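Trainee: sequence below, structure please.
(2 chains)
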Protein chains: 2
Amino acid sequence: MKFKIAILGAGNVAWHLAPALEDAGHEITEIYARDLEKAQEITERVYSAEPKDDLDFSESKAQIFILAVKDSAIPEVADSVILPENSILVHTSGTMSLDILGYSSASYTGIFYPLQSFTKGKKIELDEVPFLLEAEDEETLQKLKKLAKSLSPLVYTVRSKDRKAVHIAAVFASNFTNHMIRIAEEIMRRQGLDFEMLKPLIIETISKSLQLGAKKAQTGPAIREDYETLEDHHRFLNYNEQVAEIYRLVSQDIIDS
Amino acid sequence: MKFKIAILGAGNVAWHLAPALEDAGHEITEIYARDLEKAQEITERVYSAEPKDDLDFSESKAQIFILAVKDSAIPEVADSVILPENSILVHTSGTMSLDILGYSSASYTGIFYPLQSFTKGKKIELDEVPFLLEAEDEETLQKLKKLAKSLSPLVYTVRSKDRKAVHIAAVFASNFTNHMIRIAEEIMRRQGLDFEMLKPLIIETISKSLQLGAKKAQTGPAIREDYETLEDHHRFLNYNEQVAEIYRLVSQDIIDS
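Mentor: Residues are numbered from 1 along each chain as shown, chains lettered A, B, ... in the order given. Down below sits the predicted model:
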């Protein structure tokens, strides 16, 4: 099943989605951005989409409208966009509920959330990206499933409540793992040491964690309940109270779990 | 420069080091373990090393003795081993100081610390492992450098004080990143969700973090100072006070740094 699709937004998600949807056989009809040049950045990546800087889509041939703007802009764009009859409007956010599209002129609404961290210019294989879907009615959900499966085999139907849990888990698995690496960078820099020497360890740790599960993969002073080393490390970190407290708390949680 | 080497210990480090040293052209003379069968597990991985369960090495032809036992066993083995004249004794620990070998019968002492997380049976390319070296005298240090460089190009001379900083950084970069993944696993499991859907995000996060540096790579509600989402997530985590507190503290540290 091939769809005609318009994308509202010209950020990282649009940058990745537009050409991938086209490669999967769908037709990109329009790209909207408040700034026409931004829209053109994306239309240049596909065969023949029209760039737009107004939200009147009453004449559009698209069946599915993908709202890929930042979270805070979703209500405004959803409320303002003029859609043709029988159109489906979806947003791509991991945090926003489905209700937020309730005031739009769309006949059907849904969520089409690619669970990945996108950066413009850094290519991501979309067929390795999980898509988390939600819709109010079964027919819309089936269409979104077909659309998602044309991009990736990793397609999940997830209710808004569960999507919140996924997002919180993602904060730990992504933002917080990244911040632990950031603290490690700082400790090395402060001591004049080359951070490069930690990279092979980080790569092996993550590989082991995903292979064995994080519980089995755990090593280090906390899991060994080596209180002498924990005390010594905590003292070393005294120059930064907050980081010392993170050390204490995460170590305690490793011991407890 | 090729060395004759004895390894004291039959754990993960010995399992990896013994064949790699032999492949690099050195000769493994003996493997010691308290339990002879354990020693044989390692001697079977090399050409012709003798398994031993006693610490009398007075007749050994080895020039370098690598002490690869767990930290808590280092003093006992170092104090008890009987070494030939002019021998170098090194330990492979990231946490123990050089002094700990001070009561041994070795003529020279040093540290030969492979900064990696080893698991028996999971092959690691040693030429991607950084070796952190220390020795009391320059001649010994030069020998250890030659030995390490025969295994890996990543060879660093690191004083005990700095090695402690490296170890603390490694706790954040390895043990704590792993624990963040563990918490994510728990959140998903509690909600009956498939942890698999987070794996592509984790892999991309780490790839980006090591490529761009963790500061630039950071995303999520904390760096955006999205206090509404932070508050909402914190409330969701109320069922586990300690995890909620980790969420609060790490988010605050992301905001502050």
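
Trainee: what about the nearest residue to A:Met1 once chain neighbours are set aside, which SS state?
Mentor: Closest residue to A:Met1 apart from its sequence neighbours, by CB to CB, 6 or more residues apart in numbering or on different chains: A:Lys146 at 4.7 Å. C-beta here means a position set from N, CA and C on the backbone, and glycine is covered the same way. What DSSP: H, G, I helix; E, B strand; the rest coil gives for A:Lys146 is helix.

Trainee: A:Lys146: how many residues sit nearby?
Mentor: A:Lys146: 13 surrounding residues under other CB atoms under 10 Å in any protein chain shown.

Trainee: likewise for the one 4 residues further on?
Mentor: Here the neighbour count serves as a burial measure; for A:Ser150 (other CB under 10 Å) it reads 18.

Trainee: can you check A:Leu83 too?
Mentor: Neighbours of A:Leu83 (other CB under 10 Å): 21.

Trainee: how about A:Leu147: what's its closest non-neighbour residue?
Mentor: Closest to A:Leu147 by CB to CB, 6+ apart is A:Phe3, at 6.0 Å.

Trainee: which stretches of chain A form helices?
Mentor: Secondary structure of chain A (DSSP state H): helices at A:12-23, A:36-43, A:74-80, A:138-149, A:160-170, A:177-190, A:199-212, A:214-217, A:227-236, A:241-256.

Trainee: out of those helices, deepest packed?
Mentor: Of all those, helix A:177-190 has the most neighbours on average by mean count of other CB atoms under 10 Å in any protein chain shown, namely a mean of 23.

Trainee: tell me what angle it forms with helix B:241-256.
Mentor: 60 degrees (axes from the mean of the first three to the mean of the last three CA atoms, to 10 degrees).

Trainee: using CSV, write down the CA coordinates of helix A:177-190.
Mentor: The C-alpha trace of helix A:177-190 is given here as CSV (Å, rounded to 0.1, in the frame of the first residue of the first chain):
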residue,chain,number,x,y,z
THR,A,177,24.4,7.0,29.9
ASN,A,178,25.7,9.9,27.8
HIS,A,179,26.0,12.0,30.9
MET,A,180,28.0,9.3,32.7
ILE,A,181,30.4,9.4,29.8
ARG,A,182,30.5,13.2,30.2
ILE,A,183,31.4,13.0,33.8
ALA,A,184,34.2,10.5,32.9
GLU,A,185,35.5,12.9,30.3
GLU,A,186,35.6,15.6,32.9
ILE,A,187,37.5,13.5,35.4
MET,A,188,40.1,12.6,32.8
ARG,A,189,40.4,16.2,31.6
ARG,A,190,40.8,17.5,35.1
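
Trainee: any idea of the mean pLDDT for it?
Mentor: Per-residue pLDDT over helix A:177-190 has a mean of 98.

Trainee: that one near chain B anywhere?
Mentor: Yes - applying CB under 8 Å from any CB of the partner chain, one finds helix A:177-190 touching chain B at A:177-188, A:190.

Trainee: report the distance from that helix to the chain centre.
Mentor: Helix A:177-190 sits 23 Å away from the centroid of its parent chain (CA atoms, centre = their mean, to the nearest Å).

Trainee: would you mind pulling the contact partners of it?
Mentor: A:194-195, A:198, A:202, A:206, A:239, A:243, A:246, B:165-166, B:168-170, B:172-173, B:176-177, B:180-181, B:202, B:205-206, B:208-210, B:213-215, B:217-219, B:250, B:253-254, B:257 (CB atoms under 8 Å, 6 or more residues apart in numbering or on different chains).

Trainee: hmm, try it at 6 Å
Mentor: A:195, A:243, B:165, B:168-169, B:172-173, B:176-177, B:180, B:205, B:209, B:214-215, B:217-218, B:250, B:254 (CB atoms under 6 Å, 6 or more residues apart in numbering or on different chains).

Trainee: OK, now which residue of the stretch 1-150 of chain A is nearest to chain B?
Mentor: Residue nearest to chain B within the stretch 1-150 of chain A: A:Pro130 (4.2 Å; CB to the nearest CB).

Trainee: that residue contacts A:Leu115, correct?
Mentor: Yes - A:Pro130 lies in contact with A:Leu115 (CB atoms under 6 Å); the separation is 4.6 Å.

Trainee: quick check: neighbours shared by these two?
Mentor: Joint contacts of A:Pro130 and A:Leu115 (CB under 6 Å, 6+ apart) are B:Met197.

Trainee: got the residues of the stretch 51-200 of chain A near chain B?
Mentor: Taking CB under 6 Å from any CB of the partner chain as the criterion, the neighbours of chain B within the stretch 51-200 of chain A are A:115-117, A:128-130, A:156, A:162, A:165, A:168-185, A:187-188, A:191, A:193, A:197-200.

Trainee: which ones are touching A:Lys161?
Mentor: Here A:Lys161 is in contact with no residue (CB under 6 Å, 6+ apart).

Trainee: and the gap between it and A:Glu196?
Mentor: From A:Lys161 across to A:Glu196, the span is 43 Å (CB to CB, to the nearest Å).

Trainee: ditto for A:His26
Mentor: 43 Å.

Trainee: who has more neighbours out of those two?
Mentor: Higher neighbour count among A:His26 and A:Glu196: A:His26, with 21 against 12, using other CB under 10 Å.

Trainee: what sits closest to that one if chain neighbours are left out?
Mentor: Leaving aside its chain neighbours, A:His26 sits nearest to A:Phe3 (4.9 Å; criterion: CB to CB, 6+ apart).

Trainee: hang on, the earlier thing: let me see the confidence value for the residue of the stretch 1-150 of chain A closest to chain B.
Mentor: Here the pLDDT value assigned to A:Pro130 is 96.
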